[in-house]
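Asks: Got a sequence here, can you model it:
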Amino acid sequence: MIQRAKISEINEILSMTDACRIAMEANGIYQWTLDYPSQKAFEHDIERDELYVLRKTGKLLGCVVVSTFMDEEYESVSWLTPNTRNYYIHRLGVHPEHQGRGFAQQLMDFGENYAKEHKALSVRLDTFSQNQRNQKFYEQRGYQKLGDIYFPKQSEHPFHCYELVL
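Replies: You can find the predicted model right below:
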């Protein structure tokens, strides 16, 4: 079941995303850090009603942010659609113990369907240039790679921007 996250779930969400960070680092992918994703970011997501969690038999399996807010880093990207009715996916994560079972697909299906229901033109996101698995995941879903942005506090490597026209 996918539902809006509650403030009372923050510690559980942070524990899950930290497990993701550790698993990525074990594979040489330094995408998430001790500072990102942060408690403050998740609290802000909850305040905006944009953070969703996936639970099965009460256990938190994953999360995703589905937002209409365009980060300023995205302004330099040549998007396929006008910057009017777009949704942005952020902080998609599935606990490493539950990866490879289609839960990330479920979270993305949810985000894309949510955007369609709200008459969006597209869904946009970014993913770490060193994370080949994520790039393949998004490309197989029909996302087109458009350009790079940088988050210097996170990594010296770029993040690829993707868009799915709905």
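Asks: Going by C-alpha atoms from here, please, whenever you check contacts or count neighbours.
Replies: OK.
Asks: residue ranges for the strands of this structure, please.
Replies: Using DSSP state E, the strands of the chain run over 2-4, 51-56, 59-67, 86-94, 122-128, 144-149, 159-165.
Asks: Measure how buried residue 28 is and give me the count.
Replies: 11 (other CA atoms under 10 Å).
Asks: ok, now residue 87?
Replies: Other residues lying near residue 87 total 28 when counted by other CA under 10 Å.
Asks: for the one 5 residues further on, same thing?
Replies: Taking other CA under 10 Å as the neighbour definition, residue 92 ends up with a count of 18.
Asks: which ones are touching the nearest residue to it once chain neighbours are set aside?
Replies: Spatial nearest neighbour of residue 92, chain neighbours left out: residue 64 (4.3 Å); criterion: CA to CA, 6 or more residues apart in numbering. Taking CA atoms under 8 Å, 6 or more residues apart in numbering, we find residue 64 in contact with 51-53, 89-93, 107, 111.
Asks: what pairs with residue 64 across the strands?
Replies: Beta-bridge pairing of residue 64 under DSSP bridges involves residue 52.
Asks: repeat for residue 89
Replies: With DSSP bridges as the rule, residue 89 is bridged to residue 66, residue 125.
Asks: these two touch, right, it and residue 127?
Replies: No - taking CA atoms under 8 Å as the definition, residue 89 is not a contact partner of residue 127, at 10.0 Å.
Asks: Can you tell me the number of residues neighbouring residue 74?
Replies: Residues near residue 74, counting by other CA under 10 Å, number 17.
Asks: do you know how far the residue nearest to residue 92 is from residue 8?
Replies: Remark: distance between residue 64 and residue 8 (CA to CA, to the nearest Å) = 16 Å.
Asks: again, but for residue 17
Replies: Relative to residue 8, and taking CA to CA, residue 17 is found at 16 Å.
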